[in-house]
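Visitor: have a look at this prediction, sequence included:
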Amino acid sequence: MNAGPDPAATLRRIAYLLERAREPTYRVRAFRTAAAAAAAAGVPELTERAAAGTLTELRGIGKVTAEVITEALAGEVPVYLRRLEATGGQPVAEGGTEIQAALRGDLHMHSDWSDGGSPIPEMVQAAAALGHDYVALTDHSPRLTVANGLSPDRLRRQLDVVAELNERSDGIRVLTGIEVDINEDGSLDQSDELLARLDVVVASVHSKLRMPADEMTPRMVTAIANPHVDILGHCTGRLITGGRGTRPESTFEPEIVFAACARFGVAVEINSRPERLDPPKRLLRLAVEAGCSFALDTDAHAPGQLEWQPYGCERAAACGVPMERIVNTWEVDDLLAWTLRSS
């Protein structure tokens, strides 16, 4: 067989494109598992097994992934990959192209330290490949046990990992951060000492989403007024599609909440996850009118999901979000000067 594309890298690329296309997690995992098995075996063994028809005897490699490996070893771009490359991209709607080109980073991203599916270096590498200057690592806080939220000790360890990454990183800055839960009384689910050490704090409601508006509004405003908070994450908590089903918007007084964001300099997140697309356009327009700033994020839980920013760009353009008010169009020094304004 002729030398061709690296089989493990090819399998990882397929997994990435499946994530971008919102394919089921089990399918993505199958290709990532096969990629790990292929990398462990090495090209010489894979070549021997492909010739003998025994690739599927390797743990983690099935019929489809064996075919991908065989085609890659033959010097071909596998059919599976060609199909995904041809159909996986999503064009940016008119008006969103300029916003997408201006974005310098992503300020909401999860790794396998909480409920993400990939290690931190893989997420950072994917962000760098997209041309980002910076990316904020915002794993969950401890209260969200279902998402393996970070205890204070684990968060401290993560800060050391990020520092090491930045020492050897080439061309991308990893910002320390957290997606911190807003407790029912509006307090934050992490210590002030740790929040003060972070570059970016995204505050989100994840519990009691059906709380009455007269209770949810002060809950959100209390969090927004906290000097550590930089971004209000997915403000309605809605789900409009996806494997978790649908969920209605939380109810709150948007004029009061967005006025608080404008008053305390907290950005309203434009969450680009296809199952969220939060806030709804009517609320996004209200936030624009209130004078809010914005963070246009993916809330990515896997590398391929970092390509979801165009969904948010389209919505920002449709709702007249001023480019200069999107904080992740700013240079990193200007961004950090803003996040450190009152921490």
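Guide: Good, I have the coordinates.
Visitor: where does the chain have low pLDDT?
Guide: By pLDDT under 70, the low-scoring segments of the chain are 1-4, 87-94, 342-343.
Visitor: can you list the domains in it?
Guide: Taking automatic domain parsing as the reference, the chain has its domains at 7-87, 97-339.
Visitor: which residues touch the spatially most central residue of the chain?
Guide: When C-alpha atoms, centre = their mean is applied to the chain, the residue found nearest the centroid is Ala300 (1.8 Å). When contacts are counted by C-beta atoms under 8 Å, 6 or more residues apart in numbering, Ala300 touches 106, 108-110, 116, 123, 306, 308. No exception for glycine: its C-beta is placed from N, CA and C like everyone else's.
Visitor: over to Gly233?
Guide: 108, 179, 202-204, 269, 271, 299.
Visitor: quick one: which of those sit in strands?
Guide: If you go by DSSP state E, those have 179, 202-204, 269, 271 in strands.
Visitor: go through these and name the one nearest Glu23.
Guide: Glu23 has its nearest neighbour among the ones in strands among the contacts of Gly233 in Asn271, at 20.4 Å by C-beta to C-beta.
Visitor: quick check, that closest one in contact with Leu284.
Guide: No - using C-beta atoms under 8 Å, Asn271 is not in contact with Leu284, being 10.5 Å away.
Visitor: between these two, point out the one with more neighbours.
Guide: Asn271 (29 against 25; other C-beta atoms under 10 Å).
Visitor: doesn't Ser204 make contact with Ile182?
Guide: Yes - using C-beta under 8 Å, Ile182 is in contact with Ser204, at 6.5 Å.
Visitor: picking that back up, among the ones in strands among the contacts of Gly233, which pair sits farthest apart?
Guide: Ala203 and Asn271 (13.1 Å).
Visitor: quick one: neighbours of the nearest residue to Leu58 once chain neighbours are set aside, just the number.
Guide: The shortest distance from Leu58 to any non-neighbouring residue, by C-beta to C-beta, 6 or more residues apart in numbering, is to Ala37 (5.3 Å). The number of residues packed near Ala37 is 20, by other C-beta under 10 Å.
Visitor: just the contacts of Gly233 now: which is nearest Ile224?
Guide: Looking across the contacts of Gly233 and measuring by C-beta to C-beta, the closest to Ile224 is Ala203, at 7.5 Å.
Visitor: right, I'll call it a day here.
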